[in-house]
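J.: structure of the sequence below:
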Amino acid sequence: MITLVRLCLAPFVAWTIWRGWHVAGGIFFLVVAFTDALDGSLARTRGLVTAWGMVWDPVADKLLVGSVAVVLVLQHFPEELAIAVFGLEAMFLVGGYYWKRHGRIVAANLWGKLKMNCQVLGLALFIGSIAFGAPWLASLSYVMVGLAVILALIALCTQSL
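T.: Numbers count the residues shown, from 1 in each chain. As a prediction, the model looks like this:
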């Protein structure tokens with residue numbers, strides 16, 4: 001249920017940021033991103049990890065992060081960084097689809113979880129830099145998104161082993 005809520009709320013979060021409501025959008029973004037950790041923890045502790053959840057949870061993550069990133073890219077981000085982030089996310093989705101078609105569902109590994117956290121923090125810092133007029137937060141955002149790209153490459157390499 002939490003994954004479904006995240007899937008439904010992701011476009012709303014992106015819309016609030018698109019409209020320029022950065023404080024509200026940033027808060028919504030962090031709350032919805034937090035539900036990812038909540039969802040995974042509840043599923044594991046209650047023994048409710050399902051193949052459906054292992055497929056759709058990452059899709060919900062990518063929809064949330066991707067939709068917010070698209071809005072920010074269209075309005076503020078350098079194109080090169082956006083291409084790298086989107087390319088890696090697309091590779092994860094294609095890789096997940098490939099493994100699913102071959103009868104293997106790949107659960108998120110530690111590197112992928114760290115990548116997601118860096119992406120969320122990077123995007124939240126960038127939203128904060130816009131909302132509060134703090135360019136130093138944008139600089140930290142670029143560092144976090146760059147780290148997310150590195151972690152994504154590591155996660156991608158370790159998934160295929």
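J.: flag the shaky bits of the chain, pLDDT-wise.
T.: Residue ranges of the chain with pLDDT under 70: 77-78, 81-82, 85, 88-89, 92, 96, 99, 104-108, 159-161.
J.: all helices of it, in order?
T.: 2-18, 22-45, 51-75, 79-101, 110-132, 135-159 (DSSP state H).
J.: centre-most residue in this structure?
T.: For the chain, the residue nearest the mean C-alpha position is Val65 (3.5 Å; C-alpha atoms, centre = their mean).
J.: ok, the residue lying closest to that one once chain neighbours are set aside to Leu151 distance?
T.: Among residues not flanking Val65 along the chain, Gln119 sits closest, at 5.0 Å (C-beta to C-beta, 6 or more residues apart in numbering). Glycine gets a C-beta too; all of them are placed from N, C-alpha and C. Using C-beta to C-beta, to the nearest Å, Gln119 is found at 9 Å from Leu151.
J.: which one of the two has more residues nearby?
T.: Higher neighbour count among Gln119 and Leu151: Gln119, with 28 against 21, using other C-beta atoms under 10 Å.
J.: picking up where we left off before, ok, and which of the helices of the chain has the densest surroundings?
T.: helix 110-132 (a mean of 21; mean count of other C-beta atoms under 10 Å).
J.: and the angle from that one to helix 22-45?
T.: On the basis of axes from the mean of the first three to the mean of the last three C-alpha atoms, to 10 degrees, helix 110-132 is oriented at 160 degrees to helix 22-45.
J.: who touches helix 110-132?
T.: The contact list for helix 110-132 (C-beta atoms under 8 Å, 6 or more residues apart in numbering) reads 17, 22-23, 25-26, 29-30, 33, 36, 58, 61, 65, 68-69, 72, 76-77, 85, 92, 108, 134-138, 140-145, 147-148, 151-152, 154-155, 158-159.
J.: if we use 7 Å, what do you get?
T.: 17, 22-23, 25-26, 29-30, 33, 36, 61, 65, 68-69, 72, 76, 134-135, 137-138, 140-141, 144-145, 147-148, 151-152, 154-155, 158 (C-beta atoms under 7 Å, 6 or more residues apart in numbering).
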